[in-house]
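**Student:** Quick check, what structure comes out for this input:
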Amino acid sequence: MISTTVELDRPADEIKRLQACILDLVALVALPAAWVGTDPRFIAGNLLDTLAGMLAVDLVFVRLVHPATASLIEQARVTPGWQLPPRAHAVGTIFDLLLGQDPRQWPPVLRERVGDRDLSIVALPVGLQGDLGVLIAGSERADFPSETERLLLTVARNQAVMALQEARRLSEQKRVATELDQRVARRTAELSAATDDLRREAAERKRAEAAIQASQRNLNQIINTIPALAWSARPDGSAEFFNQHYLDYTGLSAEAAMDWGWTAAVHPDDLNGLVAGWRRTLAAGKRGESGARLRRADGEYRWFLIRVHPLRDEAGRVVKWYGTNTDIDDRKRAEEELRRGAALLAQAQRLSLTGSFSWVVATGAITWSGQVYRIFEVDPGAPVTLERIQARVHPDDRPLFGELVERARAEGSDFETELRLLLPDQSVRYLHVMAQAVRHLDGSLEYIGAVQDVTERRRSEQALDQVRSELARVARVTSLGALTASIAHEVNQPLSGIVTNASTCLRMLAADPPNLEGARETARRTIRDGHRASEVITRLRGLFARKDGAVEPVDLNEAAREVIALSTSELHRRRVLLRLELADDLPPVPGDRVQLQQVILNLLLNASDAMSGIDDRPRQLVVRTEPGEAGGVTLLVQDAGVGLPTHDAERLFDAFYSTKRDGMGIGLSVSRSIIEWHHGRLWAAPNDGPGATFGFAIPSDRPDTKV
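**Tutor:** Residues are numbered from 1 along each chain as shown. Got it, this is the predicted structure:
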C-alpha cells in the first residue's frame with residue numbers, strides 16, 4: 001500500500017491527524033492555482049499523484065473529459081506487484097462493469113475483487129451526473145474510506161471540477177477570440193478586396209471607354225478586312241452597306257451595289273431562285289441561308305453560301321438584316337467529286353457483284369451498301385440484323401454462320417469464308433465474305449468487310465471440273481494406245497495358260513484310268529490364271545473407266561505399284577530398267593486414287609518416251625517416294641533420257657504443247673490440273689547428269705473434301 005493508517009487513541013495523535021488533514025486540504029485547495037493554463041492530462045496526472053501521497057490506498061483512477069476536444073483522459077496509480085492490465089483504459093473498463101453507467105446508482109462503498117485483490121472502492125462522479133468524468137479510489141482495508149479520506153477525495157474531485165471548468169472557460173474564450181480574430185481578418189480582407197474591386201472597376205471603366213473609342217475607330221477597318229463578304233440591309237431587304245472585301249470581290253462600287261444593285265453580280269441562272277428565297281426569308285422574319293454563284297471581278301463565277309440574320313428592337317420588330325457570303329466553291333466541287341466517286345463505287349460494286357458492310361459488335365449495328373441489299377434481295381433501307389442475315393443463309397450453312405459470328409465476337413480478328421444463300425425463289429447464291437477487324441480508340445470492335453457474289457464463278461468452276469474430268473478420261477484413253485502391247489501380253493499370258501491347262505485336264509480325264517489328281521492340279525492352275533486375267537481387267541477398268549472423282553485416303557506407294565504392274569511388260573519391251581525407292585511409313589494423302597494413278601502413269605510413259613532413242617547408256621528409270629513438306633508426300637520419276645528442252649521449258653505444262661512428234665500435248669496439262677485440284681504442285685527439273693526429273697507433292701490434309 002501507499003501508506004498505512006494507524007488507529008489513534010490519544011488526543012495528541014488526533015490533533016496531529018487533524019493537522020495533517022488540514023495541510024492536505026490546503027494542498028488540495030491550492031492545486032487549481034497550479035493547474036491554470038495547463039493541459040488536462042497534466043491535471044489528471046497531478047491529481048492522482050497528490051491523492052496517492054495523501055491517502056493510504058492501493059489504487060487511484062481518474063477519467064476526465066477534455067474540455068476542448070471532448071476526448072477521454074484516463075490515468076491510474078496502483079501499488080507495485082498488483083496483477084492489473086497495464087493500460088489505464090483497461091482499468092476503467094473494469095470499473096465500468098462493476099459500477100454501471102448511472103452514477104446515481106453507485107453505492108457509497110463497493111467491496112469487489114479487482115485483479116488478484118479484494119478492494120473497498122469509492123467512486124465519485126466529476127461534474128453534474130459525471131459529465132466531466134469520474135474519480136475512483138480503492139484499498140484492501142475493510143474500513144476504507146475513513147471520514148478524512150472521503151473528505152479529501154470529495155475536495156480533490158471538486159478541485160478537479162473547478163480546474164476543468166476553468167479550462168473549459170479558457171478554451172471557450174480562446175475559441176471565441178480565435179473566431180473573432182478570424183472574422184475580423186475576413187472582414188478586413190473583404191473590405192480590402194472591395195476596395196481593390198472598386199479600383200479595378202474604375203480602371204476597367206476607363207479601359208472600356210478607351211476600348212469603345214478604339215472599337216469605334218477600328219470598326220470599319222475590321223469589317224472591311226474580315227475574310228468574308230459582309231453586308232447589311234434594311235427591313236424591306238434593300239441593301240444599305242457592303243464591306244470593302246465584298247466590293248473588291250465583285251468589282252462593284254458602293255453606290256452601284258446599294259439597294260438591289262448587288263443582283264448584277266449574281267449568275268443569271270441563280271438570280272430568280274436567290275431573290276425568291278430572300279423574299280421568303282423577309283416574310284418569315286427568321287434567319288435563313290441559300291446558295292448562289294457570284295461573279296468575281298475577273299469574270300469568274302464561284303459558289304457562295306449566303307447566310308442572313310435579323311436584328312430586332314425591344315418590341316421584336318426587325319430593324320436591320322445582317323448577312324455574310326462565304327466562298328464554298330472548293331467545297332462544292334469536292335462534294336460533287338465525292339458524289340461522283342460514290343456513284344462510281346456503287347456502279348463498280350454493281351458490275352463486280354461486290355458490296356461492302358460494317359458491323360459494330362457491341363451494339364449489333366450493321367450497315368450495308370446498296371449492292372449487298374441487291375445480293376440478299378432485301379429492300380434497300382430495311383433494318384439489317386444478324387437474325388435477318390441468318391434467315392437468308394442456306395440451312396446447311398447456318399451452323400457455319402453461327403460459328404463464324406461467335407468466333408468473330410470472341411477473337412476480334414479478321415475472317416474470310418464462303419457461304420450460300422437460299423433466296424425466296426429457292427435459288428442458291430454463293431458468296432465470298434471477308435472482313436477486317438478495327439479497334440477504335442474507345443476499345444469498341446468494328447468489322448469492315450466485303451461480300452462478293454461468286455455464283456457464276458462457282459458454276460464455271462463446276463463446269464470446268466466436268467471438262468477437266470472428261471479431259472482426264474480422254475488422256476487416260478489416249479494412254480491406252482501406248483499400253484496396248486503390254487496389256488495384250490498381260491492378258492494373253494493367263495489366257496494361254498488357261499487354254500493349255502484346260503487341254504491337259506481333258507487329256508488326263510480321257511486317260512484310262514483317268515488321272516484325277518493331275519486333273520485337279522491342272523484345274524487349280526486354270527483357276528489361278530483366270531484370277532490373274534481378272535485382276536488385269538479390274539486394274540484396267542479402274543484406270544480407264546469414266547467415273548466421278550471421290551476423295552479418300554490414298555497410299556501413294558500402293559497406287560504407284562498398281563500402275564507399274566500394268567506397265568511392266570511395256571517397260572520391258574522398251575528396255576527400261578525400273579528401280580523403286582519407296583519410303584516406308586508414309587502417311588496417306590486425301591485424294592482421288594484413279595486420278596493420281598493417271599498422273600503416275602503419264603509420268604512413267606513420258607519418261608519411257610524420253611529414253612526411247614538412248615543407246616549409249618542404260619535406260620534407267622527411278623520411281624521414288626519421300627516425305628514432303630508439312631507432313632505431305634512427294635513422288636519423283638527420274639529418267640536418263642534427253643532432258644528438258646532448252647527453250648520454251650516453261651510451256652511443258654501448257655495444254656496442247658508437246659515436244660513429241662506424235663504427242664497431243666494434254667498429258668502434262670491434265671496432270672497439273674489434277675495435282676492442283678489436290679492442292680499440290682507438279683514440277684520438272686533437269687538432273688545433274690543426263691535426263692530429267694518430274695515430281696509432284698500432295699499435302700496430307702486439304703481445306704475441303706468436296707469434289
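**Student:** how about stretch 682-689: buried residues?
**Tutor:** The neighbour-count check on stretch 682-689 (16 or more other Cβ atoms under 10 Å) flags 682, 684 as buried. Bear in mind the C-beta positions are built from the backbone N, C-alpha and C, glycine included.
**Student:** any idea of the mean pLDDT in that stretch?
**Tutor:** For stretch 682-689, mean pLDDT is 89.
**Student:** Extract the C-alpha set from it and format it as CSV.
**Tutor:** Extracted in CSV, the C-alpha atoms of stretch 682-689 (Å, rounded to 0.1, in the frame of the first residue of the first chain):
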residue,chain,number,x,y,z
LEU,A,682,3.7,-30.5,-110.2
TRP,A,683,7.2,-29.6,-111.4
ALA,A,684,10.1,-30.6,-113.7
ALA,A,685,13.8,-30.2,-113.1
PRO,A,686,16.9,-31.2,-115.0
ASN,A,687,19.2,-33.9,-113.5
ASP,A,688,22.8,-33.3,-112.6
GLY,A,689,23.6,-35.8,-115.3
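**Student:** just how off-centre is it within its chain?
**Tutor:** Mean-position distance between stretch 682-689 and its chain equals 50 Å (Cα atoms, centre = their mean, to the nearest Å).
**Student:** all strands of the stretch 351-500 of the chain, in order?
**Tutor:** 354-360, 366-368, 415-422, 428-439, 445-453 (DSSP state E, counting those that start in this stretch).
**Student:** and Arg104, which of these is closest to it?
**Tutor:** Among the strands of the stretch 351-500 of the chain, strand 445-453 comes nearest to Arg104, with 74.5 Å by Cβ to Cβ.
**Student:** That closest one pairs with which strands, and in what direction?
**Tutor:** strand 354-360 (antiparallel), strand 428-439 (antiparallel) (DSSP bridges).
**Student:** What are the buried residues along the last one?
**Tutor:** Along strand 428-439, these residues count as buried under the neighbour rule (16+ other Cβ under 10 Å): 429-433, 435, 437.
**Student:** and if you look at stretch 56-70?
**Tutor:** For stretch 56-70, the buried set under the neighbour-count rule, 16+ other Cβ under 10 Å, comprises 56-67.
**Student:** Cross-reference those residues with the strands and report the matches.
**Tutor:** Among those, the members found in strands (DSSP state E) are 59-65.
**Student:** by how many degrees do the helix or strand Asn158 falls within and strand 59-65 diverge?
**Tutor:** Taking DSSP states H and E as the definition, Asn158 sits inside helix 147-225. Interaxial angle of helix 147-225 relative to strand 59-65 (axes from the mean of the first three to the mean of the last three Cα atoms, to 10 degrees): 30 degrees.
**Student:** ranges for the strands of the stretch 1-150 of the chain?
**Tutor:** Using DSSP E, counting those that start in this stretch, the strands of the stretch 1-150 of the chain run over 59-65, 72-78, 110-114, 117-126, 133-139.
**Student:** one step back: between the buried residues of stretch 56-70, which is nearest Phe696?
**Tutor:** For these, the nearest to Phe696 is His66 (99.8 Å; Cβ to Cβ).
**Student:** one step back: and the strands of the stretch 351-500 of the chain: which comes nearest Ala167?
**Tutor:** The nearest among these, by Cβ to Cβ, is strand 428-439 at 68.5 Å.
**Student:** Pull the residues that contact the closest one.
**Tutor:** Outside strand 428-439, the residues that touch it by Cβ atoms under 8 Å, 6 or more residues apart in numbering are 357, 359, 375, 394, 408, 412-423, 445-455, 457-458.
**Student:** Quick check: the gap between Val114 and Gly695.
**Tutor:** Relative to Gly695, Val114 is positioned 106 Å away (Cβ to Cβ, to the nearest Å).
**Student:** swap in Ala630?
**Tutor:** As judged by Cβ to Cβ, Ala630 and Gly695 stand 16 Å apart.
**Student:** Can you get me a residue count around Leu47?
**Tutor:** Neighbourhood size, Leu47 [other Cβ atoms under 10 Å]: 25.
**Student:** Could you do His267 as well?
**Tutor:** His267 has 14 nearby residues by other Cβ under 10 Å.
**Student:** residues contacting the nearest residue to it once chain neighbours are set aside?
**Tutor:** Distances taken as Cβ to Cβ, 6 or more residues apart in numbering put Arg293 closest to His267, at 3.8 Å, once the chain neighbours are dropped. By Cβ under 8 Å, 6+ apart, Arg293 lies in contact with 266-267, 269-270, 301-304.
**Student:** most neighbours, which of those residues?
**Tutor:** Counting by other Cβ under 10 Å, top hit in the contacts of Arg293: Phe304 with 24 neighbours.
**Student:** got a pLDDT number for it?
**Tutor:** At Phe304, pLDDT is 90.
**Student:** Keeping just the C-alphas, turn the helix or strand harbouring it into PDB.
**Tutor:** If you go by DSSP H and E, Phe304 is part of strand 301-312. Extracted in PDB, the C-alpha atoms of strand 301-312 (Å, rounded to 0.1, in the frame of the first residue of the first chain):
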ATOM      1  CA  TYR A 301     -18.300  32.700-111.100                       C
ATOM      2  CA  ARG A 302     -17.900  30.900-107.800                       C
ATOM      3  CA  TRP A 303     -20.400  29.300-105.400                       C
ATOM      4  CA  PHE A 304     -21.200  31.100-102.200                       C
ATOM      5  CA  LEU A 305     -23.100  30.200 -99.100                       C
ATOM      6  CA  ILE A 306     -25.300  33.200 -98.200                       C
ATOM      7  CA  ARG A 307     -26.400  33.500 -94.500                       C
ATOM      8  CA  VAL A 308     -28.600  36.200 -93.100                       C
ATOM      9  CA  HIS A 309     -29.800  37.100 -89.500                       C
ATOM     10  CA  PRO A 310     -32.300  39.700 -88.400                       C
ATOM     11  CA  LEU A 311     -31.700  42.400 -85.700                       C
ATOM     12  CA  ARG A 312     -34.800  43.200 -83.700                       C
END
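**Student:** Give the partner strands of it in its sheet and their orientations.
**Tutor:** The strands that strand 301-312 pairs with in its sheet are strand 288-295 (antiparallel), strand 318-327 (antiparallel) (by DSSP bridges).
**Student:** Isn't Gly285 up against Pro310?
**Tutor:** Yes. In this structure, Gly285 is within contact of Pro310 by Cβ atoms under 8 Å, at 6.1 Å.
**Student:** So if I had to pick from the two, which one is more boxed in?
**Tutor:** For the pair Gly285 and Pro310, the greater number of neighbours falls to Pro310 (20 against 14), based on other Cβ under 10 Å.
**Student:** For that one, list each beta-bridge partner.
**Tutor:** Counting by DSSP bridges, the residues bridging with Pro310 are Trp321.
**Student:** What about Asp116, how many residues nearby?
**Tutor:** Asp116 has 9 neighbouring residues, counting by other Cβ under 10 Å.
**Student:** you'd agree it is up against Thr79?
**Tutor:** No. Between Asp116 and Thr79 there is no contact under Cβ under 8 Å: 11.8 Å.
**Student:** Show me the shaky parts of the stretch 251-400 of the chain.
**Tutor:** The stretch 251-400 of the chain contains residues with pLDDT under 70 at 341-342, 344-346, 348-349, 351-352.
**Student:** In PyMOL, how would I select just the buried ones from the contacts of strand 428-439?
**Tutor:** PyMOL command restricting these to the buried ones, with burial defined by 16+ other Cβ under 10 Å:
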select buried, resi 357+359+375+394+408+415+419+420+421+422+445+446+447+449+450+451+452+453+454+455+458
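**Student:** so where's the stretch 51-200 of the chain shaky on pLDDT?
**Tutor:** Flagging of the stretch 51-200 of the chain using pLDDT under 70 yields the residue ranges 83, 86, 171-172.
**Student:** Please enumerate the helices of the stretch 501-650 of the chain.
**Tutor:** According to DSSP state H, counting those that start in this stretch, the stretch 501-650 of the chain carries its helices in the segments 516-544, 556-573, 593-610.
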